[in-house]
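Chemist: okay, predicted coordinates and the sequence, questions at the end:
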Amino acid sequence: MSKSGVARISISLPPGLLEEFDRVTSNIGYDRSKAIQQAMRDFVSEYRWEYDKLASAVGTITIIFDHDIPGLEGELTSIQHQHTDLITSATHIHLDSHHCLLVIVVKGEASKIKGLATQLQSLRGIHQLKITSMMDEGSAKSPHSH
Ligand code: NI
């Protein structure tokens, strides 16, 4: 790190990737440095919580499930009731006559969020489950301002 607090790095990239990156970057009005910073933050957010088990995370567990499986909806609700410390809200959307989308917003210890997702995933009638999470770092070290 230099005195200005900015690190300069040199990296090797295949030319096609760099061209595409620059094309996307200029289309959204970012300069290359800002875009790489954003990409690195996203990368860290996406992977750090997976090994940093005690880290605090915020995110969503999104589930598409089969509305016709008897008892499934009740089980989903009952599991959520066991994790009120993690779950801040949930939204249920009736997609069609057979499928429902459930979005559970979570905030808490990364390992507990993973545990909850694993528990939900194991139920019969879950078609798809996706976790999105970000490190919940508050204002610490974050250059973002809101
Ligand atoms: Ni529904």
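Modeler: Okay, I see it. Note that the coordinates shown come from a computational prediction; the quantities given were computed from them, not determined experimentally.

Chemist: just the helices in the chain please.
Modeler: Listed in chain order, the helices of the chain (DSSP state H) span 15-27, 32-51, 72-81, 110-121.

Chemist: residue 62 bridge partners, please.
Modeler: On the basis of DSSP bridges, residue 62 is bridged to residue 103, residue 130.

Chemist: contacting residues for it?
Modeler: Contact analysis of residue 62 by Cβ atoms under 8 Å, 6 or more residues apart in numbering lists 101-104, 128-132. To be clear about C-beta, it is placed using only N, CA and C from the backbone, and glycine gets the same treatment.

Chemist: do residue 53 as well
Modeler: By Cβ under 8 Å, 6+ apart, the contact list for residue 53 reads 109-111.

Chemist: 10 Å instead, please
Modeler: Contact partners of residue 53, counting by Cβ atoms under 10 Å, 6 or more residues apart in numbering, are 109-112, 114-115.

Chemist: one more: residue 77?
Modeler: Here residue 77 is in contact with 90, 92, 102 (Cβ under 10 Å, 6+ apart).

Chemist: so the second one touches residue 64, yeah?
Modeler: No: counting by Cβ atoms under 10 Å, residue 64 is not a contact partner of residue 92; they are 11.4 Å apart.

Chemist: now the common contact residues for the two.
Modeler: Common contact partners of residue 92 and residue 64 (Cβ under 10 Å, 6+ apart): 100-102.

Chemist: and the angle from the lowest-mean-pLDDT helix or strand in the chain to helix 15-27?
Modeler: In the chain, no helix or strand scores lower on mean pLDDT, DSSP states H and E than helix 32-51, which sits at a mean of 85. Interaxial angle of helix 32-51 relative to helix 15-27 (axes from the mean of the first three to the mean of the last three Cα atoms, to 10 degrees): 110 degrees.
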